[in-house]
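K.L.:
I'd like to go over a predicted model; first the sequence, then the structure.
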Amino acid sequence: MSVPHAKLPAWAEYGLIPLVNLAVAFLISGLVVLIVGESPLEAAYHMINGAFGRGEYIGFTLYYTTTFIFTGLAVAVAFHAGLFNIGGEGQAYVGGIGVALACLALDRTLPWYLVFPIAILGAAFFGALWAMIPGWLQAKRGSHIVITTIMFNFIAASLMNYLLNKVFKPLGSMSLETRTFEAGGQLPKLDWLMSIFGLSVGNAPFNISFLLALVAAFGVWVLIWRTKLGYEMRTMGHSPAAARYAGIKEAKIIVITMMISGGLAGMMALNPIMGEQFRMQLEFVQGAGFVGIAVALMGRSHPAGIIPAALLFGMLYQGGAEISFEMPSISRDMIVIIQGLVILFAGALEHMFRPAITRLVIGLSPKTRDVAATKGA
Amino acid sequence: MSELAIELQGIDKSFGLVHANRNINLKVRKGTIHGIIGENGAGKSTLMSILYGFYQADHGDILINGQKVNIRDPNAAIAAGIGMVHQHFMLVENFTVLENIMLGAEESQILNAGITKARTELKRLEKEYALEVDPDAVIEELPVGIQQRVEILKALYRKADILILDEPTGVLTPAEADHLFRILGQLKDQGKTVLLITHKLREIMAITDEVSVMRRGEMVATRTTKETSVEELAELMVGRRVLLRVEKGAAKPADVKLSVKNLTVRDSRGVTMVDDVSFDLRAGEIVGIAGVAGNGQSELLEAISGIRRAKSGTVLLNGRPVDVTGNADPADLRKCGLAHVPEDRHHVGLVLKFEESENAILGYHDDPKYRKGFTLDIDAIRAEAEEKIAAYDIRPPNPRLKTANFSGGNQQKIVLAREMERNPDVLIIGQPTRGVDVGAIEFIHKRIIEMRDQGKAVLLVSVELDEIRALSDRILVMFAGRVVGERAPDATEGELGLLMAGVEGPKEAAE
């Protein structure tokens, strides 16, 4: 039975539906705040003000955004080939090795703009390596990528714990981190970008890796929609049978896709390590790999969607921190609830309001109806 | 005029921009077999889905036995006495017949009482309608014809007075189809009303009392079957005169292009699907492989085209061996002059979510002419897609439209254009016209014969016996994985039918 699908105009598909989903998520979040006994309006004020109220706040929001763009792209690339890479967390973590090695080796001799490209390659290399193993296991042994990438997150955590303890920690230091990098291992902040808008970045670690994230987003678009490799990845993602028919080598595509995905996740490490802390710390990823899944879901695996989705989550992170600071009875956990609701409505229940909105939009535009009538079914 | 079982008044249904049913009026008399024909996408399935409660009509009324009813969902349809036999059976494969029939009508949490009741009721139904089925047989072990009988029993068990059958003969042998028609005749004699949806005009002529024709979402005519003809119905369906017979000259077979020797293929469970098959395919001839679906034809095509690994045997393409038991690569085979129109265009031949132009290069995307430096040359790809759209009259002529939004016939043309325009030496085609409308069938058949006349070797697999007989220069019949006989295309349907049913199989195989 072939059922013609109702097609919505782009503004409804990519604007109205996500907006309605978000509104509902925030509405329910407001109810939760109300139940706790606080004013939802005040919380909303702190959220918005905390994320965008001052140049410094915006800087923090964009700092988180940068991180989420990388991990969101990582999930999206794999998703186009039908692979669900849940290992962004571990890949980003291991990617940190590449950044740390580059910085520790070169920060005293080279300027940042020479260390940066090497650190990018290092981050991508280690992230790709960490994703390649589950990819290879899936391609050759049929081990499911969801399971293996989750397991590799744990392995990564233990591995990094060991390395920070036994290899990277300077002698005599008590904390599990590398030494602090010199000037060569410190990325410049984007003050100039902020000052164009008359804002000051203040203490926010908003750095040049934001631009790298935007370049990566464009690169992913070119890869997926404009290259042969992207074409083969999408074919496999939509229909493995069609890929086999077309002579696309499944094993090769799986491994390559996972390496690209892991490389992007690994590049996330540049932002906190070279851009904020100037050293590699224990657990510096802080769940960003998992947020990437939500970002990719919300952004529909398209770079043009991932950037705003990453911005939204950056706002939730930064504004959420502000809420818990200003309103002590709203704990950090409450912020996680709000984030969860956004993921629930924008990701998992994405289609809940679709039928109603479709009816509304189609009903409101009698013109489209006439066109259909003359074209025929 | 006798009583009306179903009356539809002004049914109207749109899906977004697609107006699938437009002001449909239909009267079906009680105790008759009423046929509904129309091309794919004419709105037959939508109309039946509205009647069975899968969709709600935007406007219009449904009257059952003269009473206006509101059919919100299939349960309401069942309550109104409507039963449906779907094209793809809705049976749980590893349940028994009895369990399937009870499913959804268990009546209590404890199954025992229900089972006894169902068993008695089933016995009664079997006797009344001569529908013998072993209630304890497991569905997956039953032949397709019997599975369909179970579907009918399921509807009758739910006290259906009106039976809707959606393309019921697509999966049946001619003999099984005849049996089905006898059953439908019996149901009619018992006062049941049957709505038969099909695109096979011959069936309509054979068993219906009245026939309604749909075209582009509208009900264009209702005829008494005795007073109409196949030609008139075909013309009503398409809206113009249609050539039903395929015209072709004699074949001029030349060199062997594809040689298959002792090919054996097993499926993933290790069951032998193709059993020691050998044949030669020459340039300038069409060899048709007839058989009921599931007798190894699909696996044969897949093995030859390098999608499925064979267990043993050899295949020579243009005299060169193909590593069918090892690493045969579909991409390499294409370069060696093999084109393949797969049976399942939805999952194999096309990526439905792709734009048309993206599907127009599937499998040939490695060609340097589609590349510009590091990236794909989107302009070149779209320009070429537009040429093919024009040459094959693909509608709507938009290379950027999502492939899922084309009708079945146009989707098939996208695949054919891609595979035929590459000028292959060997063309293997599976089910060229499955789910394709009459107008497009004519076009596709002409193209296939043109390919032959250009000296291509064509291997054709189809479950439509008429199609095999009309196009082929030689017919091989497959049964249970073996080629059980070769016939000339003028062999009678009865003779081929017996071969397809495996009746003469053992004798010939022994020869």
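P.N.:
Cool, got the structure.

K.L.:
for chain A, what helix or strand is lowest in average pLDDT?
P.N.:
helix A:366-375 (a mean of 40; mean pLDDT, DSSP states H and E).

K.L.:
list the contacts for B:Ala331?
P.N.:
A:Ala246, A:Gly247, A:Ile248, B:Gly363, B:Asp366 (C-beta atoms under 8 Å, 6 or more residues apart in numbering or on different chains). All C-beta spots, glycine's among them, are computed from the backbone N, C-alpha and C.

K.L.:
for it, phi and psi?
P.N.:
phi -70, psi -40 (degrees, to the nearest 10).

K.L.:
and it, what's its pLDDT?
P.N.:
B:Ala331 carries a pLDDT score of 93 in this model.

K.L.:
what sits against B:Asp275?
P.N.:
Contacts of B:Asp275 (C-beta under 8 Å, 6+ apart): B:Thr264, B:Gly296, B:Ala480, B:Gly481, B:Arg482.

K.L.:
got JSON lines for these, with distance to chain A too?
P.N.:
As requested, these are exported to JSON lines (distance: C-beta to the nearest C-beta, whole Å):
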{"residue": "B:Thr264", "distance to chain A": "20"}
{"residue": "B:Gly296", "distance to chain A": "18"}
{"residue": "B:Ala480", "distance to chain A": "25"}
{"residue": "B:Gly481", "distance to chain A": "21"}
{"residue": "B:Arg482", "distance to chain A": "26"}
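
K.L.:
out of these, which is most surrounded?
P.N.:
Within these, B:Gly296 tops the neighbour count with 24 neighbours, counted by other C-beta atoms under 10 Å in any protein chain shown.

K.L.:
help me confirm that that residue comes into contact with B:Asp267.
P.N.:
No. If you go by C-beta atoms under 8 Å, B:Gly296 and B:Asp267 don't touch, sitting 9.6 Å apart.

K.L.:
list residues touching both of the two?
P.N.:
B:Met273.

K.L.:
okay, now the domains of the chain?
P.N.:
Defaulting to chain A. Listed domain ranges for chain A are A:1-38+A:331-377, A:49-328 (source: automatic domain parsing).

K.L.:
hm, I was asking about chain B
P.N.:
B:4-238, B:256-345+B:425-510.

K.L.:
mind listing what's buried in the strand or helix carrying A:Ala157?
P.N.:
Following DSSP states H and E, one finds A:Ala157 within helix A:145-163. Neighbour counts over helix A:145-163 (16 or more other C-beta atoms under 10 Å in any protein chain shown) mark A:Ile145, A:Thr148, A:Thr149, A:Phe152, A:Asn153, A:Ala156, A:Ala157, A:Leu159, A:Met160, A:Leu163 as buried.

K.L.:
what are the phi and psi values at B:Phe95?
P.N.:
The phi/psi pair for B:Phe95 (degrees, to the nearest 10) is phi -100, psi 160.

K.L.:
low-confidence stretches in the chain?
P.N.:
Since you didn't name a chain, this refers to chain A. A:1-7, A:364-377 (pLDDT under 70).

K.L.:
hm, I was asking about chain B
P.N.:
Looking at chain B by pLDDT under 70, you get B:1-2, B:16-17, B:40-41, B:241-244, B:504-511.

K.L.:
now do the helices in the stretch 101-250 of chain A.
P.N.:
Taking DSSP state H, counting those that start in this stretch to define them, one finds helices in the stretch 101-250 of chain A at A:112-136, A:145-163, A:191-196, A:209-226, A:228-238, A:240-245, A:250-267.

K.L.:
coming back round to it: just name the most buried of the domains of chain A.
P.N.:
Mean neighbour count (mean count of other C-beta atoms under 10 Å in any protein chain shown) peaks for domain A:49-328 among those, with a mean of 22.

K.L.:
secondary structure class of the most centrally placed residue in chain B, three-state.
P.N.:
By C-alpha atoms, centre = their mean, chain B has its centre lying nearest to B:Arg434, at 4.4 Å. Under DSSP: H, G, I helix; E, B strand; the rest coil, the three-state class of B:Arg434 is coil.

K.L.:
what are the contacting residues of stretch B:423-431?
P.N.:
Residues from elsewhere that reach stretch B:423-431 (C-beta under 8 Å, 6+ apart): B:257-258, B:281, B:283, B:297-298, B:301, B:304-305, B:317-318, B:334, B:337-344, B:419-420, B:448, B:451, B:456-464.

K.L.:
out of the residues you listed, which touch chain A?
P.N.:
B:Ser305, B:Arg334, B:His340, B:Pro342, B:Asp344 (C-beta under 8 Å from any C-beta of the partner chain).

K.L.:
could you tell me how far the longest helix along chain B lies from the centre of the chain?
P.N.:
In chain B, taking DSSP state H as the definition, the longest helix is helix B:111-129. Put simply, helix B:111-129 sits 33 Å off its chain's centre (C-alpha atoms, centre = their mean, to the nearest Å).

K.L.:
now do stretch A:156-173
P.N.:
On C-alpha atoms, centre = their mean, the centre of stretch A:156-173 falls 26 Å from the chain's centre.
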